[in-house]
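A.B. asks: Build me a model from this:
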Amino acid sequence: MTPRPESPRKRRVAERIQMEIAEILTREAEDPRLRSLTVTGARVSRDLASARVWVSGRMAPADEAAILAALEHAAPYFRTLLAPRLGLRIVPTLRFEFDHTMEAGLRIEELLREIKDQDDKDA
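C.D. replies: Presented below is the predicted three-dimensional model:
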């Protein structure tokens, strides 16, 4: 079963949420740990009632749970700030997740570099 293509409206709303949450985190968040986060993506449900927001940042893996808890605690406040910015009848509920693609990409690059170095030594 092939997934449904994303509608242009869903994509626009997700992009807008990503942009606005990024601005809110840098300007409005009271927790300094949240100000250093980068919003890497957002996806909204088909009915626009909920949104998943991916964030990343340089931190110890042990701090991720505390930062996610802080984001979840601040989510209702972020929704209040999003309401006038989005202009939607219903502002999506926000669910935050960490995006580890950057770390995975760096690890892959490191492994490829090690393989190349090993090949150069063997040649």
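A.B. asks: can you pull out the helices in this structure?
C.D. replies: Secondary structure of the chain (DSSP state H): helices at 8-27, 32-35, 64-86, 101-122.
A.B. asks: Comparing the ones you listed by mean pLDDT, which bottoms out?
C.D. replies: Among the helices of the chain, helix 101-122 carries the lowest mean pLDDT, at a mean of 77.
A.B. asks: picking that back up, adding mean neighbour count, write the helices of the chain out as CSV.
C.D. replies: To be clear about C-beta, it is placed using only N, CA and C from the backbone, and glycine gets the same treatment. Output for the helices of the chain, formatted as CSV (neighbours: other CB atoms under 10 Å):
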stretch, mean neighbour count
helix 8-27, 16
helix 32-35, 14
helix 64-86, 15
helix 101-122, 10
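A.B. asks: Dump the ones you listed to CSV, plus distance to Ala49.
C.D. replies: Below are the helices of the chain laid out as CSV (distance: least, CB to CB, whole Å):
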stretch, distance to Ala49
helix 8-27, 11
helix 32-35, 24
helix 64-86, 12
helix 101-122, 26
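A.B. asks: most centrally placed residue in the protein?
C.D. replies: In the chain, the centroid-proximal residue (CA atoms, centre = their mean) is Trp54; its distance is 1.7 Å.
A.B. asks: Now do that one against Thr38, distance only.
C.D. replies: Per CB to CB, to the nearest Å, Trp54 is found 9 Å from Thr38.
A.B. asks: And for Arg79?
C.D. replies: The gap separating Arg79 from Thr38 is 20 Å, by CB to CB.
A.B. asks: likewise Ser45?
C.D. replies: From Ser45 across to Thr38, the span is 23 Å (CB to CB).
A.B. asks: Next: Asp31.
C.D. replies: Counting by CB to CB, the gap from Asp31 to Thr38 is 15 Å.
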